[in-house]
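Peer 1: sequence isn't available, so here's the structure alone:
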């Protein structure tokens, strides 16, 4: 792996892993959708991509979780499948979030970045433990890698390259 690959987050499949057909990879990526995960993978239709993964910020079941999490960025990964090269070109985008209104809701601001990065939000509770001493307990953890890693791992296990895009077109 070269320096540029490291900077863009590009990963190659293990030696000897044969690439699966593109439709099988697409089905595997869409199969990551589960009600208990905080992101959704869908067709990218109007987003100039084949597939799109994004946080479930607007879904009622997840809105309160995101508001309470103190998360500061919305993350979206646009993916284009290059069937000839057996690679998924992935563009990770982030927007800053602010909390507005009553009841509180998240609003996207104009600050935008692209390229691989990591956002981690944690919530801790301080209380007395069984021994009577003060203890901190992590009650919430939110990590942007929770979306990127399953996508990337699915691509690599399918024998395709995960090519991070920072500059140029997807």
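Peer 2: Happy to help now that I have it. Quick caveat, the model's predicted, so the values are computed rather than measured.
Peer 1: give me the secondary structure label for the residue lying closest to residue 39 once chain neighbours are set aside.
Peer 2: Nearest non-adjacent residue to residue 39, counting by Cβ to Cβ, 6 or more residues apart in numbering: residue 147, 4.4 Å away. All C-beta spots, glycine's among them, are computed from the backbone N, C-alpha and C. Three-state call for residue 147 (DSSP: H, G, I helix; E, B strand; the rest coil): helix.
Peer 1: repeat that for residue 151.
Peer 2: helix.
Peer 1: hang on, it packs against residue 53?
Peer 2: Yes: with contacts counted by Cβ atoms under 8 Å, residue 151 reaches residue 53, the gap being 5.8 Å.
Peer 1: could you tell me which residues touch both of the two?
Peer 2: Residues touching both residue 151 and residue 53 (Cβ atoms under 8 Å, 6 or more residues apart in numbering): 32, 41, 77, 79.
Peer 1: how many residues are close by the nearest residue to the last one once chain neighbours are set aside?
Peer 2: The one in question is residue 79. Spatially, and ignoring its direct neighbours in sequence, residue 79 is nearest to residue 51 (4.5 Å; Cβ to Cβ, 6+ apart). Per other Cβ atoms under 10 Å, the neighbour tally for residue 51 reads 22.
Peer 1: check residue 144 too.
Peer 2: The number of residues near residue 144, taken as other Cβ under 10 Å, comes to 22.
Peer 1: backbone phi and psi for it, please?
Peer 2: phi -60, psi -20 (degrees, to the nearest 10).
Peer 1: from residue 169, how far out is it?
Peer 2: Residue 144 sits 23 Å away from residue 169, going by Cβ to Cβ, to the nearest Å.
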